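# sequence and predicted structure below; questions after.
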Amino acid sequence: MTRQSIELLHQELSRRSFFKRTLQAAGIGLCWDRFADKLLAQTSTTDPLAVFSAIGNVVVPVDQDPGWATFDPGISDYGLNVFAKQVLLGGNDLVFQGLLGTLQALNDVPPLIGFAPSPFLGMSEALQAQYIGNIISGQFEGYGLQDILFLAAFVGLFSARAVFFSNYPNHLATPGAEFQVRQPSKVKTGWDIIGFKGPVGPDEEKQLRDRYFDVAVLPGMDPNNPYI
């Protein structure tokens, strides 16, 4: 990982509207200058995928319903190497290396700042949840690490929720099918938990077409306007 990869990660994410108010490029650079030799070097032995998996467990714990751990390790591999890398970061490998470095930093930071005697992966689940919550709420500004930690935590949280509630592992569409049919699952998926019935089927489509056939169109909106 290099400072360039971290800065590119910031640029890649902050250009998207939901990141614009949360990241400061100056903070990224200052953190690198202060901690790169101790924390963000290539010598870290932390597995970024294990950190991402632990964040997923914080976001979607197993309780009365299945959670992230129910579908691990497949869901973590998909969430990091497909959703985060390809969907969020557009497949940019250098930027992705920056993300992996921030995940390593998120794990390695706690002993350095006295938050906990062990890294993130060695904490209890309750302490892990507290640590992630503190990062999201900006509690580490005074250490010069907030922006680095926030990148890792926010991408982890966002990706985990997006993947789990996209109905993983039944999330991929059937290529070429006119209608997508949800396959029955012995284990509750994200859609089952939130009560989502799934894509529109042929019967529902016919009902919708019949319901809105010849419906009156309210004035004020031109459907031929290319700007709407």
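Now that the structure is in, tell me what you want to look at. Numbering: from 1, shown residues only.

# nearest residue to the middle of this protein?
Geometric centre of the chain, nearest residue: residue 159, 1.6 Å, by Cα atoms, centre = their mean.

# got the domain boundaries for this protein?
Domain segmentation of the chain under automatic domain parsing yields 3-164, 174-214.

# buried deepest among those, which one?
Highest mean neighbour count among these (mean count of other Cβ atoms under 10 Å): domain 3-164, with a mean of 18. The C-beta positions use only the backbone N, C-alpha and C, and glycine is treated the same way.

# would you confirm that the residue nearest to the centre of the chain contacts residue 85?
No - applying Cβ atoms under 8 Å as the test, residue 159 and residue 85 come out as separate, 9.6 Å apart.

# can you pull out the helices in this structure?
Assignment of helices within the chain using DSSP state H yields the ranges 3-14, 25-35, 48-59, 74-78, 93-113, 125-136, 146-164, 190-194, 202-211.

# lowest average confidence across those helices, which one?
The minimum mean pLDDT among the helices of the chain belongs to helix 25-35 (a mean of 47).

# for residue 73, which non-adjacent residue is spatially closest?
Nearest non-adjacent residue to residue 73, counting by Cβ to Cβ, 6 or more residues apart in numbering: residue 53, 7.0 Å away.

# I misspoke; the intended subject was residue 120.
Per Cβ to Cβ, 6+ apart, closest to residue 120 is residue 107, 4.3 Å.

# wait, what's in contact with that neighbour?
For residue 107, the contact set (Cβ atoms under 8 Å, 6 or more residues apart in numbering) comprises 46, 50, 51, 119, 120, 121.

# now the second one: how far from residue 162?
Separation of residue 50 from residue 162 (Cβ to Cβ, to the nearest Å): 20 Å.

# swap in the last one?
Separation of residue 121 from residue 162 (Cβ to Cβ): 23 Å.

# do the same with the fourth one
Plainly put, residue 119 is 26 Å away from residue 162 if you go by Cβ to Cβ.

# cool, and residue 111?
Taken as Cβ to Cβ, the span from residue 111 to residue 162 is 31 Å.

# may I have stretch 191-207 exported as PDB, CA atoms only?
Only the C-alpha atoms of stretch 191-207 are listed here, as PDB (Å, rounded to 0.1, in the frame of the first residue of the first chain):
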ATOM      1  CA  TRP A 191     -35.200 -10.500   2.000                       C
ATOM      2  CA  ASP A 192     -37.000 -13.000   4.200                       C
ATOM      3  CA  ILE A 193     -36.000 -11.100   7.300                       C
ATOM      4  CA  ILE A 194     -37.300  -7.700   6.000                       C
ATOM      5  CA  GLY A 195     -40.400  -9.300   4.500                       C
ATOM      6  CA  PHE A 196     -39.600  -8.500   0.900                       C
ATOM      7  CA  LYS A 197     -41.600 -10.700  -1.500                       C
ATOM      8  CA  GLY A 198     -39.200 -10.400  -4.400                       C
ATOM      9  CA  PRO A 199     -39.400  -9.400  -8.100                       C
ATOM     10  CA  VAL A 200     -42.600  -9.000  -9.900                       C
ATOM     11  CA  GLY A 201     -43.900 -12.200 -11.400                       C
ATOM     12  CA  PRO A 202     -46.100 -12.800 -14.400                       C
ATOM     13  CA  ASP A 203     -49.400 -12.900 -12.400                       C
ATOM     14  CA  GLU A 204     -48.500  -9.700 -10.500                       C
ATOM     15  CA  GLU A 205     -47.500  -8.000 -13.800                       C
ATOM     16  CA  LYS A 206     -50.800  -8.800 -15.400                       C
ATOM     17  CA  GLN A 207     -52.600  -7.500 -12.400                       C
END
